[in-house]
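Undergrad: Sequence and predicted structure are below.
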Amino acid sequence: MPLCVCSGESCFTGRFRVVRSPLVEAMSPRGAEIGASCFTGALVIGITNPLDCLKQRWQVEPRETVHRTLGSFSRAIIEREGLWRGFWRPGLASNMCACTISVGTRLGLYPLLRDTLASTAASSSSTAPSGMSMFFSGLLGGATGYIAAAPFFAATRITQAEVGLVGADGLLTTGQRRGLPPTAAGSNSGIPMLVHLARERGVLGLWRASEVLVARGALMSATQLFTYDQTKKRLKAVSGMVDGPVVHCVASLVASLTLTTAICPLDVIYTAYLAGPSIGRPYSSPYACGASLVAEGGPVALFRGWVPLWMRFLPSSILTFLIYEQSRRVLLGSYLD
């Protein structure tokens with residue numbers, strides 16, 4: 001049963017009663033757009049953080065590892081460390097901060113940027129968003145969001161790449177840093193790592209390798225939002241499907257496939273470069289990191305982790321757009337169009 005959002009304080013649609021609080025009524029459309037996007041980013045990563053952590057840990061696992069499959073690798077970690085300590089808790093706080101900022105920015109600004117670019121480029125007789133306006137709106141919003149969130153993403157990547165059990169002597173007994181103490185003392189929520197990096201590198205050092213992250217984030221945002229928006233419009237126009245959760249899920253599925261393939265090489269390089277010094281495999285630059293990975297394993301090495309990356313983005317994309325579209329409808333009275 002669809003939600004109904006009226007201009008007054010409440011309304012009825014079937015058995016469902018939607019009440020809009022004074023706070024919601026007082027929000028501007030842009031504020032509501034950004035609020036729905038920030039809420040979406042925090043909630044989705046709270047649910048999918050284990051998939052992020054699995055991806056990071058798998059990407060830095062040596063190629064000669066005894067774990068020949070992703071399944072055996074993940075099972076071994078859960079048996080030794082447990083689901084919460086091995087996959088869910090590592091980097092959770094910093095990752096939620098990062099995605100609140102990045103998703104809040106790229107999704108929150110997308111309709112404004114898309115419609116502005118469409119109005120600027122279109123003829124006087126048509127202002128419908130084009131594929132180019134969709135793509136570049138996602139690109140610009142993604143770049144902006146990932147620049148702002150870069151420190152939190154860096155802390156999350158390093159925390160998740162080196163996580164493991166800590167023994168009574170204070171040394172890690174599992175993970176890529178086993179035999180050494182954790183880089184940042186304290187919980188592995190990701191925030192202690194952020195503080196450590198700021199002290200070690202200075203505030204500007206928090207943006208180390210941010211050019212790779214921003215390129216990845218901009219490309220991800222552009223391909224995801226362009227594919228989602230275009231697929232959604234085609235589904236409604238060609239098949240006659242009514243805008244709603246089914247359309248959102250199908251469009252999200254298509255978007256997850258395109259964005260995963262587009263960003264996988266940048267994702268692998270970013271993780272390997274950032275985590276390199278911590279796990280004993282430092283690289284002089286992101287370019288040197290990518291070249292070394294290709295020299296060791298061929299071009300396919302840049303797609304190591306495609307499956308866990310897609311496993312991360314499939315539920316993430318579906319949840320992101322389901323939550324965002326419903327939040328947007330509650331706050332603004334309509335789906336993204």
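TA: Received, thanks.
Undergrad: Ramachandran angles for the closest residue to residue 302 other than its chain neighbours?
TA: Of all residues beyond its chain neighbours, the one nearest residue 302 is residue 265 (3.8 Å), with distances taken as CB to CB, 6 or more residues apart in numbering. Heads up, the C-betas are built off the backbone N, CA and C, glycines and all. Dihedral angles phi and psi of residue 265 (degrees, to the nearest 10) take the values phi -60, psi -40.
Undergrad: wait, residue 265 sits on residue 301?
TA: No - here residue 265 does not reach residue 301: they are 9.1 Å apart, not a contact under CB atoms under 8 Å.
Undergrad: Return the distance of stretch 228-243 from the chain's centre.
TA: Distance, stretch centre to chain centre, for stretch 228-243: 24 Å (CA atoms, centre = their mean, to the nearest Å).
Undergrad: next one: stretch 129-149
TA: Worked out by CA atoms, centre = their mean, stretch 129-149 lies 14 Å from the chain centre.
Undergrad: Ok, stretch 68-83 next?
TA: The chain centre lies 23 Å from the centre of stretch 68-83; the measure is CA atoms, centre = their mean.
Undergrad: Which residues does it contact?
TA: Taking CB atoms under 8 Å, 6 or more residues apart in numbering as the criterion, the residues outside stretch 68-83 that touch it are 50, 54, 57-58, 61, 65, 67, 86-87, 164-165, 174, 307-308.
Undergrad: I'd like to know which of the residues you listed is nearest to residue 108.
TA: Here the nearest of the contacts of stretch 68-83 to residue 108, counting by CB to CB, is residue 50; it sits at 25.9 Å.
Undergrad: Check which residues of stretch 296-311 are buried.
TA: Of the residues in stretch 296-311, 301-306, 308-311 count as buried by neighbour count, 16 or more other CB atoms under 10 Å.
Undergrad: mind giving me TSV with these and columns for distance to residue 251?
TA: Converted to TSV, the buried residues of stretch 296-311 look like this (distance: CB to CB, whole Å):
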residue	distance to residue 251
301	31
302	27
303	24
304	28
305	24
306	21
308	23
309	19
310	16
311	19
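Undergrad: quick one: which of these sit in helices?
TA: Of the buried residues of stretch 296-311, the ones assigned to helices by DSSP state H are 306, 308-311.
Undergrad: Lowest pLDDT pick from those residues?
TA: Of all those, residue 308 carries the smallest pLDDT score, 86.
Undergrad: show me what contacts it?
TA: With contacts defined as CB under 8 Å, 6+ apart, residue 308 is in contact with 51, 54-55, 58, 70.
Undergrad: Give the buried subset of the residues you listed as a ChimeraX selection command.
TA: Burial among the contacts of residue 308 is assessed by 16+ other CB under 10 Å; the matching ChimeraX selection reads:
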select :51,54,55,58,70
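Undergrad: So which of the contacts of residue 308 belong to helices?
TA: 51, 54-55, 58, 70.
Undergrad: and residue 236, how many neighbours?
TA: A total of 16 residues lie near residue 236 under the criterion other CB atoms under 10 Å.
Undergrad: Just give the closest residue to it, not the sequence neighbours.
TA: residue 243 (6.0 Å).
Undergrad: The one you found: how many residues sit nearby?
TA: When neighbours are defined as other CB under 10 Å, residue 243 has 18 of them.
Undergrad: Could you tell me whether it really is in a helix?
TA: No - under the criterion used here (DSSP: H, G, I helix; E, B strand; the rest coil), residue 243 is coil, not part of a helix.
Undergrad: how close does it sit to residue 91?
TA: Taking CB to CB, to the nearest Å as the measure, residue 243 and residue 91 are separated by 35 Å.
Undergrad: Ok, residue 132 next?
TA: With CB to CB as the criterion, residue 132 and residue 91 are 36 Å apart.
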